[in-house]
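Structure, please.
(2 chains)
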Amino acid sequence: MISLPMIAHAKIYLSIEQAQKILLPNKQLNKMPIIISDDLQEKMRAASSIRYPFQGDRIWKSSDGGWFIVDEVVGKHEMITYAVGLSPSGHITGIEILEYVESYGYEVAEAQWRKQFVGKNINDPIKLNQDIQNIGGATLSCKHITDGVKRVSVLYELSLKHPQIQIKK
Amino acid sequence: MRRCQPLLGTFVEISIADQDADQAIQSAFDQIKKVEQLMSFHDAHSELSIINAQVHCKSIRVHPWTARILRIAQDLYTHSGGLFNCGIGHRLIAAGLLPKHIDFASHGIGGIEDLYFIDHDRISALRPLCLDLGGIAKGFAVDEAVKTLIKEGVSSGIVNAGGDLRVFGNKPQTIYIRNPQLPRHLIELGALSNGAIATSALYFAKRDQRYSHIINPLAIIDIDIHEQFSGSYSVLAKECVYADALTKVLALSKQGHHPCFARYGAQAIQIAL
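Sure, this is the predicted structure:
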């Protein structure tokens, strides 16, 4: 077998809808986009050391006051979309990885490279190998996700918890 | 159905053929979370951290899983001639790879051989210990997750904790490992059913300019503490806990036929550079 070099590969785990059912089961969810002020953006950055801005348009609220938030972390070597469920009191009910794209270090670091993915289906533009399922190998760190969850916690504390403050803005 | 959660400091993936087995997968993730809660070095309140802080002063009753993993660790220590030793936490702290919760004196710290069982779930130690289960707990967690999936009626699937994985059921799965020279390139190893494989390599440590996390417990001089190598060391075994632990024996001994592999029914795969 001639094996072509597998330059980048992607794994799609769950759709947003599937993740919603897992993290907030049997709950009615309403989309609730939030405009992230510069001040809040800065506080989220300081808490997580993630530099690129948080997008406030993938936030849902459940009928009982829980939250479902989708965010991305872009490392030098990977880009990961993940979802966080929060209980009405702000406790994390779970974290699910939605999509994992692994590639060349320096290319992923380029904003240009990232842009190619925004709003696109992974199947589209870049040749990614989706058939690779079981990869053994030295452990990858999930530190970026830990950082991402930190900024989601800040978002909850400073914005979602007291929505009236957001409206005043 | 395939799900992935950040656990044990890495990404844990569970893939099964059934589409409606959310509950089974959730239970499996919960078991892994439980292993993390008990055995995390990073968490200053985990059972492991309590052991490290107190075991030389008093006897400690531990969770059955902790008791089991410590017995496995001791058995591996004995049969690897000391090459596998969990008592290397202080080395990883010194290298900035683990957090420092307690002020350890840098001398006089014992190893897993200084730990003893008073009864089946009660332990004590003759010397202060700084145990790190990072070289074995992922495999242990994978095995517990697999047990749970089987108990929940799932007939086949894969649990992969950051590259340490186990295939259960009779459906063979193609396994890839990373080319240590170009870790984004994958090498197809073949198909695996009802078995586990784990790998130790330093390509991510080198990429991220970290110290080697492969500690030689037998090192006498400082320069030998952090094992350096450029290849990749994988071990196949029936259970992931042994595959995981034995990669360290392989990476340090570089002997594909080290007698301890036969004892655990394991097989070594070395990718040399």
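
List the residues that contact residue 99.
Just so you know, I chose chain A. By C-beta atoms under 8 Å, 6 or more residues apart in numbering or on different chains, A:E99 lies in contact with A:10-13, A:79-81, A:122. Placement of C-beta: from N, CA and C, glycine included.

meant chain B, my bad for not saying
B:P99 sits next to B:41-42, B:44, B:93 when contact means C-beta under 8 Å, 6+ apart.

Show me where chain A has its helices.
Assigned by DSSP state H, the helices in chain A fall at A:16-23, A:38-48, A:105-109, A:111-115, A:143-155, A:163-168.

ok so, going back, and of the contacts of A:E99, the nearest to B:C4?
Looking at those and their distance to B:C4, the nearest is A:Y13, at 4.9 Å (C-beta to C-beta).

what's the angle from the longest strand belonging to chain A to helix A:143-155?
Looking across chain A with DSSP state E, the single longest strand is strand A:92-102. Inter-element angle recorded for strand A:92-102 and helix A:143-155: 140 degrees (by axes from the mean of the first three to the mean of the last three C-alpha atoms, to 10 degrees).

still on that earlier bit, any idea which of the contacts of A:E99 is closest to chain B?
Closest approach between these and chain B, by C-beta to the nearest C-beta: A:Y13, at 4.9 Å.

Need the residues that contact stretch A:41-50.
A:36, A:51, A:53-54, A:73, A:144, A:147-148, A:150-151, A:153-155, A:158.

Pick out the most distant pair among those.
For the contacts of stretch A:41-50, the farthest-apart pair by C-beta to C-beta is A:H144 and A:L158; their separation is 21.4 Å.

more neighbours, those two?
For the pair A:H144 and A:L158, the greater number of neighbours falls to A:H144 (23 against 18), based on other C-beta atoms under 10 Å in any protein chain shown.

pLDDT below threshold where in the stretch 1-150 of chain B?
When the per-residue scores of the stretch 1-150 of chain B are filtered using pLDDT under 70, the ranges that remain are B:104-107.

all strands for the stretch 151-273 of chain B, in order.
Applying DSSP state E, counting those that start in this stretch to the stretch 151-273 of chain B gives strands spanning B:157-161, B:164-168, B:173-179, B:182-192, B:195-201, B:232-237, B:267-271.

would CSV of the ones you listed with distance to B:L98 be doable?
What follows is the strands of the stretch 151-273 of chain B, written out as CSV (distance: least, C-beta to C-beta, whole Å):
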stretch, distance to B:L98
strand B:157-161, 18
strand B:164-168, 19
strand B:173-179, 24
strand B:182-192, 23
strand B:195-201, 17
strand B:232-237, 22
strand B:267-271, 27
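
List the contacts of residue 13.
As the question left the chain open, I've gone with chain A. Taking C-beta under 8 Å, 6+ apart, one finds A:96-100, B:2-4, B:13 in contact with A:Y13.

hmm, I had chain B in mind actually
B:E13 makes contacts with A:11, A:13, B:2-4, B:158-161, as judged by C-beta under 8 Å, 6+ apart.

one more time with 6 Å
Residues counted as contacts of B:E13 (C-beta atoms under 6 Å, 6 or more residues apart in numbering or on different chains) are B:4, B:160.

Chain neighbours aside, what residue packs nearest to residue 58?
If you meant another chain, say so; for now it's chain A. Counting by C-beta to C-beta, 6 or more residues apart in numbering or on different chains, A:R58 lies nearest to A:V70, which is 3.8 Å off, once chain neighbours are set aside.

you looked at the wrong chain, it should be chain B
Leaving aside its chain neighbours, B:K58 sits nearest to B:S124 (7.0 Å; criterion: C-beta to C-beta, 6+ apart).

Residue numbers of chain A in contact with chain B?
Proximity of chain A to chain B is confined to A:5-6, A:13, A:95, A:97, A:132, A:134-140, A:142, A:145 under the rule C-beta under 6 Å from any C-beta of the partner chain.

If any of those are buried, put those into a ChimeraX selection.
Listed next is the ChimeraX selection for buried residues among those, using 16 or more other C-beta atoms under 10 Å in any protein chain shown:
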select /A:6,13,95,97,132,134,135,136,137,138,139,140,142,145
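
B:Q228: which of the residues of chain A next to chain B is nearest?
Among the residues of chain A next to chain B, A:A138 lies closest to B:Q228 (C-beta to C-beta), at 14.0 Å.

ok, the closest one - contacts?
B:201, B:204.

let's go with 8 Å and repeat that
A:A138 makes contacts with B:163, B:178, B:183, B:199-205, B:232, as judged by C-beta under 8 Å, 6+ apart.

Quick one, which of the residues you listed has the minimum pLDDT?
Across the contacts of A:A138, the member with the lowest pLDDT is B:P183, scoring 83.

ok, now which ones touch the nearest residue to that residue once chain neighbours are set aside?
With sequence-adjacent residues excluded and distances taken as C-beta to C-beta, 6+ apart, B:P183 is closest to B:Y203, at 4.3 Å. Listed by C-beta under 8 Å, 6+ apart, the contact partners of B:Y203 are A:138, B:178, B:180-181, B:183, B:232.

Narrow the residues you listed to those that are buried.
Among those, those scoring as buried are A:138, B:178, B:180, B:183, B:232 (criterion: 16+ other C-beta under 10 Å).

Give the bridge partners for the residue lying closest to the third one once chain neighbours are set aside, please.
What that stands for is B:P180. Using C-beta to C-beta, 6+ apart and skipping the chain neighbours, the partner closest in space to B:P180 is B:S232 (4.0 Å). In this structure, B:S232 bridges to B:A201, B:I271 when assessed by DSSP bridges.

Would you check that B:S232 makes contact with B:Y176?
No. Under the contact definition of C-beta atoms under 8 Å, B:S232 does not touch B:Y176, with a separation of 11.9 Å.

re the thing from before, tell me which two of the contacts of B:P99 sit farthest apart.
Maximum distance among the contacts of B:P99 (C-beta to C-beta): 12.7 Å, for B:A44 and B:I93.

more crowded one of these two?
Between B:A44 and B:I93, counting by other C-beta under 10 Å, B:I93 is the more crowded of the two (19 against 14).

if I've got this straight, the more buried one is in a strand?
No. With DSSP: H, G, I helix; E, B strand; the rest coil as the criterion, B:I93 is located in helix rather than a strand.
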